[in-house]
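Student: sequence unknown, structure follows:
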């Protein structure tokens, strides 16, 4: 092995020791989370409603119903998930507690109330994002470990790459009929090679959720450095209008406007900023439970005046890439096929720290055995000479 490859091997091995446990946890939880929508749909009947060919009830009605008999509670986020799915209101209770209230979007009646902290897949998501540590600390630990993992993948590719053409066919296949150590070695190297490209995509999209600098880097790179100042503008409501206008049903007016402008959208997210200069933000998504291809609207919270609109077709390439981030990360960008690919890639990534440790442990034992044999040989040789 050349001195360069020895350095690469040293980095690959010790970076693996540093990040291995976190990589395993993040990968296995990502693997579990891939099919969370399909699993929850199969387990929970409240995630589906009977389609009724009439308009949705107004968001003000949903909000009022969700907050009924909950003193001190507020609600800023509301979802209309689709024509055959419930609406949802995220209720903030006193003492930093939350409830997710599901309602029939056609009648406004509550069909299910859930504590997000007790939902299995939300727990899995929090482990994936923060390792159940405080958010700031956990996200930093995960982010740094993912960066290290990306370096490990690249160094592993350098170490694995066959020198001779005659070795390449053998290097791309697992020798299933070999001894278990050989099979483990092939699982680490061959599967690691096949998963590298997908793993790097999953890593970069994950990092963009942790580090704003990565998100901005994707935005700038996709835009080839070109600036789009209008996309950075954040409108504000005129707080002086608060006492002059009855704004109780403005959210309904804003939602109706967004529905008209994005008539083919399947899912809507409404964010009602509670601050005095805050706005009503409505995002219309082209497909239910998918977050790519969305039209964004910002309304004045006291009059319902449209302050800003950003249709998907007019977004910059960088903004489209950032919108695509979640769907890429969970593998749903291309439907079931890409979900399966993301699932398998995550499973392989979870296995790499284990197979890598077994390789290291086997070489360590072999090295110790050689040293012991050498010592015994020297002692026997000295006795023979004596």
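Tutor: Received, thanks. Model, not experiment: these values are computed from the prediction.

Student: before we move on, what SS does residue 60 have?
Tutor: Following DSSP: H, G, I helix; E, B strand; the rest coil, residue 60 is assigned to helix.

Student: so what's it closest to, chain neighbours aside?
Tutor: Nearest residue to residue 60 in three dimensions, chain neighbours excluded: residue 252, at 5.2 Å (Cβ to Cβ, 6 or more residues apart in numbering). In short, each C-beta sits where N, CA and C put it, glycine included.

Student: wait, what's in contact with residue 16?
Tutor: By Cβ atoms under 8 Å, 6 or more residues apart in numbering, residue 16 lies in contact with 152, 353, 356, 357.

Student: List the ones among these that fall in helices.
Tutor: Those of the contacts of residue 16 mapping onto helices are 152, 353, 356, 357, per DSSP state H.

Student: Now the last one: closest residue in space, sequence neighbours ignored.
Tutor: Going back to what we said before, that points to residue 357. residue 20 (6.9 Å).

Student: Secondary structure element for that neighbour, which one?
Tutor: If you go by DSSP states H and E, residue 20 is part of helix 3-33.

Student: re earlier: by neighbour count, which of the ones in helices among the contacts of residue 16 wins?
Tutor: For the ones in helices among the contacts of residue 16, the largest number of neighbours (other Cβ atoms under 10 Å) sits with residue 152, at 25 neighbours.

Student: Touching, that one and residue 13? I think so.
Tutor: No: counting by Cβ atoms under 8 Å, residue 152 stays clear of residue 13, with 9.2 Å between them.

Student: and residue 345, how many neighbours does it have?
Tutor: Neighbours of residue 345 (other Cβ under 10 Å): 25.

Student: in this protein, which spans are strands?
Tutor: Using DSSP state E, the strands found in the chain span residues 74-80, 87-93, 97-103, 110-114, 267-272, 279-285, 294-300, 306-310.

Student: Check the average confidence over the second one, would you?
Tutor: Average pLDDT, strand 87-93: 96.

Student: Enumerate the positions of it that are buried.
Tutor: By 16 or more other Cβ atoms under 10 Å, the buried positions in strand 87-93 come out as 87, 88, 89, 90, 91, 92.

Student: Take the residues you listed and lay them out in a markdown table including distance to residue 332.
Tutor: Compiled in a markdown table, these are given as follows (distance: Cβ to Cβ, whole Å):
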| residue | distance to residue 332 |
| --- | --- |
| 87 | 21 |
| 88 | 19 |
| 89 | 24 |
| 90 | 22 |
| 91 | 27 |
| 92 | 28 |
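
Student: And the pLDDT for residue 377?
Tutor: 52.

Student: now swap in residue 384 and tell me
Tutor: The model reports residue 384 with a pLDDT of 53.

Student: cool, and residue 362?
Tutor: What the model reports for residue 362 is a pLDDT of 82.

Student: Can you tell me the closest non-neighbouring residue to it?
Tutor: residue 181 (5.6 Å).

Student: wait, the one you found sits on residue 361?
Tutor: No: the pair residue 181 / residue 361 is not scored as a contact, 10.2 Å apart, by Cβ under 8 Å.

Student: Show me which of the buried residues of strand 87-93 is closest to residue 99.
Tutor: residue 91 (4.5 Å; Cβ to Cβ).

Student: tell me the contacts of the closest one?
Tutor: Neighbour list for residue 91: 66, 67, 70, 73, 74, 75, 98, 99, 100, 101 [criterion: Cβ under 8 Å, 6+ apart].

Student: isn't residue 188 right up against residue 359?
Tutor: Yes: contact criterion Cβ under 8 Å: residue 188 and residue 359 qualify, at 6.0 Å.

Student: Among those two, which residue is more densely surrounded?
Tutor: Taking neighbours as other Cβ under 10 Å, residue 188 and residue 359 compare with residue 188 leading, 22 against 18.

Student: Quickly note the distance from the more buried one to residue 331.
Tutor: Separation of residue 188 from residue 331 (Cβ to Cβ, to the nearest Å) stands at 23 Å.

Student: And for residue 203?
Tutor: Residue 203 is 13 Å from residue 331, by Cβ to Cβ.

Student: Compare the two (neighbour count), which wins?
Tutor: For residue 203 versus residue 331, the count of surrounding residues by other Cβ under 10 Å is larger for residue 331: 26 against 20.

Student: isn't the more buried one right up against residue 347?
Tutor: No: in this structure, residue 331 is not within contact of residue 347 by Cβ under 8 Å, at 11.9 Å.

Student: Mutual contacts of these two, please.
Tutor: With Cβ under 8 Å, 6+ apart, residue 331 and residue 347 have no common neighbours.

Student: In terms of pLDDT, where does the residue nearest to residue 185 when sequence neighbours are not counted sit?
Tutor: Once flanking residues are discounted, residue 185 sits nearest to residue 359: 5.9 Å by Cβ to Cβ, 6+ apart. Per-residue pLDDT puts residue 359 at 89.

Student: No further questions, thank you.
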